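> I would like the atomic coordinates for the input below:
(one chain, ligands or ions: 1)
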Amino acid sequence: METMTIGGRAVEGAGTFGVENPATGRVFAQAPECSPEQLDEALRAASDAFPAWRSDEGARRDLLRAAAKRVEDAADELAALITAEQGKPLADARLEVQGTVAGLRFVADLEVPREVLADDDQARVELLHQPFGVVAAITPWNFPVAIAGLKLGPALLTGNTVVLKPSPFTPLSTLHLGGVLRDVLPPGVLNVVSGSDPLGARLTAHPVPRKISFTGSVATGRKVAAAAADDLKRVTLELGGNDAAILLDDFDVDALADRLFWGAFLNSGQVCAAIKRVYVPRRLHDVVVDALADRARSVVVGDGTAEGTRLGPLTTRPQFERVSELVADALARGATAVTGGGPLDREGYFFQPTILRDIDDGVRLVDEEQFGPALPVLAYDDVEDAIRRANATHYGLDGSVWSADPERAAAVAERLECGTAWLNTHALPHPAVPFGGWKHSGLGVESGVPGLLAFTESKVLYRVKG
Ligand code: NDP
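Below is the predicted model:
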């Protein structure tokens, strides 16, 4: 059984809980249940490790590079665990691990800026960025290793120590990551604990962490922010999205339909920044619907371990039930499933790739985050109307504009109310580029130098002259 990592040791839980394989819906492994005392121990270990860890930046860089190498060496094991517990095809799981390795290497080379603000006859004033101490990192189930890596690299490079808690739906790959790094990082620098509710709430309410880096749903993000408010912990929240893609009237269907499709269906739509609704000029509507439906019909859906699978199941039973409910509701309200429209007739949490037309704003599948392989295609008559509808949401993660004319597309993209606006693509993460959401989609950013600084307090160092 995978173990927790606490103070550099492999630790079994006070109990265990079952982990399902979403391709079968059956429990295939047990994971450790972290007791409140074990959580205290993990936070104490992180606290104790902090003074030495923060003191040597060169050592931290070297150890992050060593950590990246160790994760790379363990890529096959990690990918197999991701596929088993999360469901994505093995090739995508490998890409997830490779992306994590590349991200850790990128961060290991980043400079933590130290800026001279003034240097005159009176004073030399510098702006420094210093670590918080212990960071609580909480991750969701859609990219368990990649999202953990996004938090670990910057938190550790800037001199913090970490207690990391994965989603109980996908704890195994993160626990394994902790195990792989156990003898690379000094004891206590990275602790990994697993458990079901209320472990996350205990971690966020605990007095030791000074910063919470959270990725998950809007509803839980609110609870995290409320828990942090009590003792003014710093928070970064990466929450859900309901990203709109707006196609302009010169959209090249043949050239771009593949990219549009995968912008929505990667990871079976379980991507925070996936395309979740498409606005299409009425003239192009039927052609675009057909092009997307062709791709949805031909994509191979199956067990992530099977050769040739491009889309796996939904990861959790609640998510499977939610997508089923949203699609059934849309159909009851007059939408047409051009292809798909329901679960696959097999065991596990498989849902048919679904393209919906005859659907409009105001239907739950359009207004809410479906987080699954069901995409509504909506017609518009006037691009002003499309922009208004794209922005008429509490979400504001990403958006995209698709056109043969980059200037026209950019002019529309600039008016989207979201953290990132893409042109002719959607959600291509890069470790140099900050990522975050407006409105209810988040607070703060991850990645790039701004994401690095989110793991620091700023400090002014003022030396008076004379
Ligand atoms: P959840 O919000 O349900 O859970 C996320 C994590 O929070 C889990 O580890 C969960 O553990 C934990 N948690 C639950 N309650 C609390 C609490 N009160 N305090 C602290 N932690 C808690 O999200 P999902 O795992 O269902 O992930 C899907 C959601 O994540 C989608 O909405 C998606 O859009 C969003 N997401 C956002 C991304 C972004 O970068 N913006 C990226 C990926 C996903 P437990 O289950 O034990 O409660």
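> from what I can see A413 touches W422, true?
Yes. Look at A413 against W422 with Cβ atoms under 8 Å: they come within range, at 7.5 Å. (Glycine included, C-beta is placed from N, CA and C.)
> Can you work out which residues contact both of those two?
Common contacts of A413 and W422 (Cβ atoms under 8 Å, 6 or more residues apart in numbering): G399, S400, V401.
> now, which of these lie within strands?
Those of those mapping onto strands are G399, S400, V401, per DSSP state E.
> tell me which of these is nearest to the ligand?
The ligand lies nearest to G399 out of these, by Cβ to the nearest ligand atom, at 13.7 Å.
> Next, the contact list for the closest one, please.
Contact partners of G399, counting by Cβ under 8 Å, 6+ apart, are D243, A244, A245, I246, A390, A413, L416, E417, C418, T420, A421, W422.
> Produce a PyMOL select command limited to the buried residues of these.
In PyMOL syntax, the buried subset of these is picked out as below (16 or more other Cβ atoms under 10 Å):
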select buried, resi 243+244+245+246+390+413+416+417+418+420+421+422
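> Adding distance to R277, write the ones in strands among the shared contacts of A413 and W422 out as CSV.
Listed next are these as CSV, based on distance: Cβ to Cβ, whole Å:
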residue, distance to R277
G399, 10
S400, 11
V401, 14
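> Columns distance to the ligand and pLDDT on top of the shared contacts of A413 and W422, output as TSV?
Shown next, in TSV, are the shared contacts of A413 and W422 (distance: Cβ to the nearest ligand atom, whole Å; pLDDT from 0 to 100):
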residue	distance to the ligand	pLDDT
G399	14	98
S400	16	98
V401	20	98
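> Out of those, which comes closest to E72?
S400 (31.5 Å; Cβ to Cβ).
> For the closest one, which non-adjacent residue is closest in space?
Closest residue to S400 apart from its sequence neighbours, by Cβ to Cβ, 6 or more residues apart in numbering: W422 at 4.0 Å.
> Quick check: the one you found touching S403?
No. In this structure W422 lies outside contact range of S403 using Cβ under 8 Å: 11.8 Å.
> residues from the stretch 151-300 of the chain in reach of the ligand?
Within the stretch 151-300 of the chain, the positions lying close to the ligand (Cβ under 6 Å from any ligand atom) are 165, 167-168, 196-197, 199-201, 204, 215-217, 220, 223-224, 238-241, 272.
> re the thing from before, ok, now which ones touch the residue nearest to S400?
If you count contacts by Cβ under 8 Å, 6+ apart, W422 has them with D398, G399, S400, V401, A413, L428.
> OK, contacts around the closest residue to the ligand within the stretch 251-400 of the chain?
The stretch 251-400 of the chain approaches the ligand most closely through C272 (2.9 Å), counting by Cβ to the nearest ligand atom. Contact partners of C272, counting by Cβ under 8 Å, 6+ apart, are N142, T215, E238, L239, G240, G241, L397, S441.
> neighbour-wise, which of these leads?
Ranked by neighbour count (other Cβ atoms under 10 Å), the contacts of C272 have G241 at the top, with 30 neighbours.
> Is that one in a helix, a strand, or coil?
coil (DSSP: H, G, I helix; E, B strand; the rest coil).
> So it sits against G437, correct?
Yes. Between G241 and G437 there is a contact at 6.4 Å, judged by Cβ under 8 Å.
> Not counting its neighbours along the chain, what's nearest the single nearest residue of the stretch 51-200 of the chain relative to the ligand?
Per Cβ to the nearest ligand atom, G200 is where the stretch 51-200 of the chain lies closest to the ligand, at 2.3 Å. Once flanking residues are discounted, G200 sits nearest to I138: 5.4 Å by Cβ to Cβ, 6+ apart.
> what's the overlap in contacts for G241 and G437?
Common neighbours of G241 and G437 (Cβ under 8 Å, 6+ apart) are Y395, G396, L397, D398, C418.
> Okay, and which of those residues map to strands?
Under the assignment DSSP E, these contribute D398 to strands.
> sec struct for the residue positioned nearest the centre of the chain, please.
Central residue of the chain (Cα atoms, centre = their mean): I147, 5.2 Å from the mean position. Using three-state DSSP, the structure places I147 in helix.
> who touches the residue nearest to it when sequence neighbours are not counted in this structure?
Leaving aside its chain neighbours, I147 sits nearest to T139 (4.6 Å; criterion: Cβ to Cβ, 6+ apart). Residues near T139 by Cβ under 8 Å, 6+ apart: I147, A148, K151, L164, K165, P166, S167, T174, T215, G216.
> Return the subset of these lying in helices.
Counting by DSSP state H, the contacts of T139 place I147, A148, K151, T174 in helices.
> ok, which pair from those is furthest apart?
Spatial extent of the ones in helices among the contacts of T139 (Cβ to Cβ) is set by the pair K151 and T174 at 10.9 Å.
> Which one's more surrounded, the two?
Higher neighbour count among K151 and T174: T174, with 30 against 25, using other Cβ under 10 Å.
> thought that one was touching I147?
No. Between T174 and I147 there is no contact under Cβ under 8 Å: 9.3 Å.
> Does stretch 6-22 reach the ligand?
No. Judged by Cβ under 6 Å from any ligand atom, stretch 6-22 stays clear of the ligand, getting no closer than 9.8 Å.
> for that stretch, which positions count as buried?
For stretch 6-22, the neighbour count (16+ other Cβ under 10 Å) marks I6, G7, G8, V11, G13, V19, E20, N21, P22 as buried.
> Span of it from start to end?
The separation between the terminal residues of stretch 6-22, taken as Cα to Cα, to the nearest Å, is 29 Å.
> next one: stretch 129-139
Using Cα to Cα, the two ends of stretch 129-139 sit 25 Å apart.
> ditto for stretch 401-415
Using Cα to Cα, the end-to-end distance of stretch 401-415 comes out at 11 Å.
> Likewise for stretch 412-424?
Using Cα to Cα, first and last residues of stretch 412-424 are 12 Å apart.
> what's the helix or strand where I212 lies packed up against?
For I212, the element it lies in under DSSP states H and E is strand 211-215. When contacts are defined as 3 or more Cβ pairs under 8 Å, 6 or more residues apart in numbering; DSSP states H and E, strand 211-215 packs onto strand 134-138, helix 144-157, helix 199-205, helix 218-229, strand 234-238.
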